[in-house]
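K.L.:
no sequence on this one, just coordinates:
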Ligand SMILES: NC(=O)c1ccc[n+]([C@@H]2O[C@H](COP(=O)([O-])OP(=O)(O)OC[C@H]3O[C@@H](n4cnc5c(N)ncnc54)[C@H](OP(=O)(O)O)[C@@H]3O)[C@@H](O)[C@H]2O)c1
């Protein structure tokens, strides 16, 4: 099969098409004929050498795919050769064939093609597990996502607003802010020009928000603590602004705040299956009804994976990037 390989770590130019043997599906796994593969920021970190695959994962880059099942391993229930699916994988997505565990397989939402479906798993698993499981967003609570125009941010805005919550976002340009607002954010704050704490407090009677999903950290963290309501939760999924900060924990204690975070890729299959099952119940119907849409900024063929990484690292994209494979 053809896949995107790399002989060394480095910039997007190290990515190149290579040929190798088909992977095989072990017990509980399926082999997917990949039609499209989503591109995510962690793929760039892996290419550059900062995010090695966890033990047992394919060394090939790529965390999500959509396609048809070409073979099933022993002990696979519910899925058969020929079925269409999308899947969260720990690696191997940028290839013509990819192995996935049955626990992370999902049907393609009604009305969607492979290209759109390939952009779903990584952001939906991440947003669901961090906002609703770790962050415990519930009832009429309010929500802020930093980096609202990103792949993660665009999923978070749509999913959380479709479930009836007030959503705020930050982004780095007027165009990106407008994009966030069309997705369902009540107000997107251009963090280069405005103070997100002051703007969102003014829109919430000075009360702030219940849950923040953060990919920045750095100097945002003390400001985020000020923006949280008493009992609020800050959930960290990346630290694009730096991982080391000074925090006054007196405020955390006095106002009963929670600071938490998580990574997804190396988590156990039982956990991923629970997230998959909740997504099937709560998010997939919204996708099938067209109440949540995918937003693909640009698509590339597999042999143009380097161009996709260059666009992602330019930061100009809004929504998702995707590779078409077959
Ligand atoms: N922990 C996990 O399980 C997990 C899973 C998946 C992804 N992630 C992480 O989540 C992040 C987003 O992933 P992605 O694939 O969606 O990447 P992406 O589309 O490239 O998003 C990165 C975003 O960060 C924003 N950003 C950077 N500095 C900012 C700041 N100071 N304030 C507000 N926004 C800022 C950028 O927006 P502007 O141009 O507006 O600045 C951009 O939209 C990545 O860091 C990724 O590694 C974590």
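P.N.:
Thanks, I have the structure now. Being a predicted model, the structure only gives us computed values, none of them experimental.

K.L.:
Who are the contact partners of the closest residue to the ligand within the stretch 1-150 of the chain?
P.N.:
In the stretch 1-150 of the chain, the residue that lies nearest the ligand is residue 150 (2.8 Å; CB to the nearest ligand atom). (Each C-beta comes from the backbone N, C-alpha and C, glycine too.) Residue 150 makes contact with 41, 215 under the criterion CB atoms under 8 Å, 6 or more residues apart in numbering.

K.L.:
distance of it from residue 213?
P.N.:
According to CB to CB, to the nearest Å, residue 150 stands 11 Å off from residue 213.

K.L.:
Which residues of this structure lie near the ligand?
P.N.:
40-42, 122, 126, 146-147, 149-153, 170-172, 176, 191, 215-216, 237-238, 240-241, 262-264, 312, 315 (CB under 6 Å from any ligand atom).

K.L.:
which among those residues end up buried?
P.N.:
Buried residues within the residues of the chain next to the ligand, counting neighbours by 16 or more other CB atoms under 10 Å: 40-42, 122, 126, 146-147, 149-153, 170-172, 176, 191, 215-216, 237-238, 240, 264, 312.

K.L.:
Quick one: mark the members of the residues you listed that sit in strands.
P.N.:
Within those, membership in strands is found for 170-171, as judged by DSSP state E.

K.L.:
which ones among the buried ones among the residues of the chain next to the ligand are found in helices?
P.N.:
41-42, 122, 126, 151-153, 176, 312 (DSSP state H).

K.L.:
Make JSON lines from those and add pLDDT to it.
P.N.:
Listed next are these as JSON lines, based on pLDDT from 0 to 100:
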{"residue": "41", "pLDDT": "97"}
{"residue": "42", "pLDDT": "97"}
{"residue": "122", "pLDDT": "98"}
{"residue": "126", "pLDDT": "98"}
{"residue": "151", "pLDDT": "97"}
{"residue": "152", "pLDDT": "98"}
{"residue": "153", "pLDDT": "98"}
{"residue": "176", "pLDDT": "98"}
{"residue": "312", "pLDDT": "98"}
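
K.L.:
Show me which of the residues you listed is closest to residue 60.
P.N.:
Top of the list for closeness to residue 60, among these and by CB to CB, is residue 42 at 13.6 Å.

K.L.:
Leaving out chain neighbours, which residue sits closest to the residue nearest the centre of the chain?
P.N.:
With distances taken as CA atoms, centre = their mean, the residue of the chain nearest its centroid is residue 123 (2.3 Å). Distance criterion CB to CB, 6 or more residues apart in numbering; nearest residue to residue 123, sequence neighbours excluded, is residue 155 at 3.8 Å.

K.L.:
what do you get for residue 17?
P.N.:
Residue 17's closest residue in space is residue 303 (CB to CB, 6+ apart), at 5.0 Å.

K.L.:
Could you do residue 132 as well?
P.N.:
Closest residue to residue 132 apart from its sequence neighbours, by CB to CB, 6+ apart: residue 278 at 7.5 Å.

K.L.:
which ones are touching that neighbour?
P.N.:
Neighbours of residue 278 in contact, by CB under 8 Å, 6+ apart: 128, 132-133.

K.L.:
Could you pull up the mean pLDDT of the top helix by length along the chain?
P.N.:
Counting residues, the longest helix found in the chain (DSSP H) is helix 269-282. Averaging pLDDT along helix 269-282 yields 98.
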